[in-house]
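J.: Give me the fold of what follows.
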Amino acid sequence: LVDNTRRHHRWYQREVTAMLNYMSARNLPTELIQETRSYYDYRWETSKGYDDLSMIRQLPVNMRIRAFHHLNQALALNVDFLALRGLADTAFWTIVLQELEQHTHVEGTWLEREGQASERIVIIKEGEVQVFHETSGYIFEVLKRGSWLGGTRDLSTRGCNSSARANSNVTTYELPEKGVRRIMAAYQDCAQLIESTFHMRVRRNSGARWKIAWMKHKQTILQMAAILPKPPPPWPKPSGGVIAAVRRQSSLEPKSSDPIPSTVLAEQQWFHNYKT
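T.: Modelled structure (predicted):
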């Protein structure tokens, strides 16, 4: 075992040396050469230079599934739509392992960009990915091992409303759009979970974008609201609940000789809400 490990390491070092020598001979920038060296070091550190999926695909189906679960047991349990299906569901895991791809991304690599449609699901195996608003730099979340992002063009018809970038060197498992469609077509529970998680993130990001706009333009918005004219009638009829609430409030205020009817107060409250 030790001899095999040493031989593989020597083979890997030859591959690294050949690449670095090529880059030096072609006068590529020094920082790019250093980045390449870091990329190869990271691959060795995390997977000893192997592409696990390529290796285990050489095994029979049942052994392939068991090998994947042994290598990624915690990951398979943490990814919500994968955790729906146990080891015994051979058909499901056969599709997953046929479609899944392993990728290594260096720090700073873009995994998603605002406005572009999602065409894959990216599962974080190692490292961190930052999901944020490009214009303001507002961070929505930091994804770690077992988290996923992305979807399909059917889900992101208007494009992504956030960007994602590798916060460190990252190893990912990626399901291309064709694979996501196969899983969603064959397994309704997985489809519902993928859709609900995707749309939850869209709603959360949209809410955060309003918060960003408010923080940036608060004074301007308040000044515009202060001079907003009253809209022409007909106005919405105040609901009974609003009138009752205004009556309770007016009963606590000092009484004047000519009290304002609760319906008028309700209209004033509605106009205040309208301006807000």
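J.: For Leu84, give its distance to Met23.
T.: Counting by C-beta to C-beta, to the nearest Å, the gap from Leu84 to Met23 is 45 Å. Quick note: C-beta positions are derived from backbone N, CA and C, even for glycine.
J.: sec struct for Ala91, please.
T.: Three-state call for Ala91 (DSSP: H, G, I helix; E, B strand; the rest coil): helix.
J.: ok, it - how many residues close by?
T.: Using other C-beta atoms under 10 Å, Ala91 is surrounded by 11 other residues.
J.: residues touching it, list them.
T.: Ala186 (C-beta atoms under 8 Å, 6 or more residues apart in numbering).
J.: can you list contacts of the host helix or strand of Leu53?
T.: Leu53 belongs to helix 52-56 when assigned by DSSP states H and E. Residues outside helix 52-56 that contact it (C-beta under 8 Å, 6+ apart) are Met63, Arg64, Ala67, Phe68, Leu71, Leu97, Leu100, Glu101, Gln102, Tyr173.
J.: In it, which of the residues would be classed as buried?
T.: Neighbour counts using 16 or more other C-beta atoms under 10 Å place Asp52, Leu53, Ile56 of helix 52-56 among the buried residues.
J.: the strands in this protein, which residues?
T.: Applying DSSP state E to the chain gives strands spanning 101-105, 110-112, 120-126, 129-132, 139-143, 148-150, 163-166, 170-176.
J.: Give me the helices and strands touching the last one, please.
T.: In this structure, strand 170-176 packs against helix 90-99, strand 101-105, strand 120-126, with contacts taken as 3 or more C-beta pairs under 8 Å, 6 or more residues apart in numbering; DSSP states H and E.
J.: go with 10 Å
T.: helix 30-47, helix 52-56, helix 90-99, strand 101-105, strand 110-112, strand 120-126, strand 148-150, helix 177-186 (3 or more C-beta pairs under 10 Å, 6 or more residues apart in numbering; DSSP states H and E).
J.: Any chance of these in a markdown table with distance to Thr220 and mean pLDDT as columns?
T.: Formatted as a markdown table, the entries for those read as follows, by distance: least, C-beta to C-beta, whole Å; pLDDT from 0 to 100:
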| stretch | distance to Thr220 | mean pLDDT |
| --- | --- | --- |
| helix 30-47 | 42 | 88 |
| helix 52-56 | 52 | 88 |
| helix 90-99 | 49 | 94 |
| strand 101-105 | 40 | 92 |
| strand 110-112 | 31 | 94 |
| strand 120-126 | 38 | 94 |
| strand 148-150 | 33 | 93 |
| helix 177-186 | 41 | 94 |
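J.: Can you say which of these is nearest to Leu77?
T.: For Leu77, the closest of the helices and strands packed on strand 170-176 is strand 120-126, at 12.5 Å, according to C-beta to C-beta.
J.: Partner strands of the closest one and their direction?
T.: The pairing partners recorded for strand 120-126 under DSSP bridges are strand 148-150 (antiparallel), strand 170-176 (antiparallel).
J.: hey, which of these is tucked in deepest?
T.: With neighbours taken as mean count of other C-beta atoms under 10 Å, the strands paired with strand 120-126 reach their highest mean count in strand 148-150, at a mean of 23.
J.: re earlier: list buried members of the contacts of helix 52-56 by neighbour count.
T.: Here, 16+ other C-beta under 10 Å leaves Arg64, Ala67, Phe68, Leu97, Leu100, Tyr173 buried among the contacts of helix 52-56.
J.: how near is the closest residue to Arg145 other than its chain neighbours to Thr197?
T.: Closest residue to Arg145 apart from its sequence neighbours, by C-beta to C-beta, 6 or more residues apart in numbering: Ile124 at 5.7 Å. With distances taken as C-beta to C-beta, Ile124 is found 14 Å from Thr197.
J.: And these two? Which one has more around it.
T.: With neighbours defined as other C-beta under 10 Å, Ile124 and Thr197 compare such that Ile124 has more, 23 against 15.
J.: Ranking helices and strands of this structure by mean pLDDT, which lands last?
T.: Between all helices and strands in the chain, the lowest mean by mean pLDDT, DSSP states H and E belongs to helix 240-251, at a mean of 52.
J.: Same list, the strands of the chain, but as CSV with distance to Arg14 please.
T.: Shown next, in CSV, are the strands of the chain (distance: least, C-beta to C-beta, whole Å):
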stretch, distance to Arg14
strand 101-105, 19
strand 110-112, 31
strand 120-126, 25
strand 129-132, 32
strand 139-143, 35
strand 148-150, 35
strand 163-166, 27
strand 170-176, 22
